[in-house]
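In: What would the 3D arrangement of this be:
(one chain, ligands or ions: 1)
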Amino acid sequence: MDVVSHAAFTELHRCDSARSPEHAGRLRVLHGAFPEYVHGTPATHEQVCRVHSPGYVAAIEAIDAEVRLDPDTYGVPTTSEAALLATGCAIRAVEIGGFALVRPPGHHALESQAMGFCIFGNVAIAARHAQDELGLERVAVVDFDVHHGTGNGRSGQGREDRTRTPRES
Ligand SMILES: [Zn+2]
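Out: Predicted structure coming up:
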């Protein structure tokens with residue numbers, strides 16, 4: 001299985017003062033473990049806006065200083081670049097049947113709200129890409145964490161014809 005990632009994940013979206021568990025060191029270790037990874041490319045606005053509002057995407061792109069987007073989630077001027085790249089790698093992984101190693105992660109972010117270290121819903125956006133561009137009727141999202149993947153669950157609502165949403169615990 002091909003691993004999709006990008007060297008820039010160790011440089012972008014860094015906020016060492018935040019002491020966040022979501023930091024560049026995660027990807028540095030993973031790149032060492034999977035040195036043969038292939039590079040993804042940034043997601044487009046059209047792809048991201050299948051799940052997020054255009055105003056939210058613009059607000060993330062407008063971050064020009066260190067900010068707190070929620071208690072867990074910081075934003076810095078390179079956050080949008082990292083988040084678009086993370087989403088693009090997830091999309092590429094769906095296209096090739098691969099596995100994406102990215103940051104920031106992407107299963108908590110809501111339509112217009114960063115949450116739980118997540119800026120964009122990488123997983124939900126990749127699932128929408130699979131349905132809208134690759135012609136897949138049904139997509140299984142297996143989301144494991146210590147709690148409910150808020151963004152993944154909500155992004156399925158309104159499309160129950162094609163999506164079963166998990167229950168919030
Ligand atoms: Zn989580």
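
In: okay, CA-based contacts and neighbour counts for the rest of this
Out: Fine.

In: Could you give the number of residues near H107?
Out: Using other C-alpha atoms under 10 Å, H107 has 27 neighbouring residues.

In: Mind naming the longest helix for the protein?
Out: Counting by DSSP state H, the longest helix found in the chain is helix 79-96.

In: For that helix, buried residues please.
Out: 79-94 (16 or more other C-alpha atoms under 10 Å).

In: Give me the contacts around it.
Out: Outside helix 79-96, the residues within contact range by C-alpha atoms under 8 Å, 6 or more residues apart in numbering are 2-6, 8-9, 12-14, 39-44, 48, 60-61, 63, 98-106, 119-123, 125-127, 129-130, 134.

In: Next secondary structure after that helix?
Out: Next in sequence after helix 79-96, counting helices and strands by DSSP states H and E, comes strand 99-100.

In: and that next one, how far out from the chain's middle?
Out: Here strand 99-100 is found 11 Å from its chain centre; the criterion is C-alpha atoms, centre = their mean, to the nearest Å.

In: Who are the contact partners of the closest residue to A18 other than its chain neighbours?
Out: Take A18 and drop its neighbours on the chain: the residue closest to it by C-alpha to C-alpha, 6 or more residues apart in numbering is Y74, 7.5 Å away. Taking C-alpha under 8 Å, 6+ apart as the criterion, Y74 is in contact with 15, 18, 66-68, 117.

In: Export the residues you listed as a markdown table, with columns for neighbour count.
Out: Formatted as a markdown table, these follow (neighbours: other C-alpha atoms under 10 Å):
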| residue | neighbour count |
| --- | --- |
| C15 | 17 |
| A18 | 14 |
| E66 | 17 |
| V67 | 13 |
| R68 | 13 |
| F117 | 24 |
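
In: So which of the residues you listed sits lowest on pLDDT?
Out: The pLDDT minimum for the contacts of Y74 sits at A18, where the score is 75.
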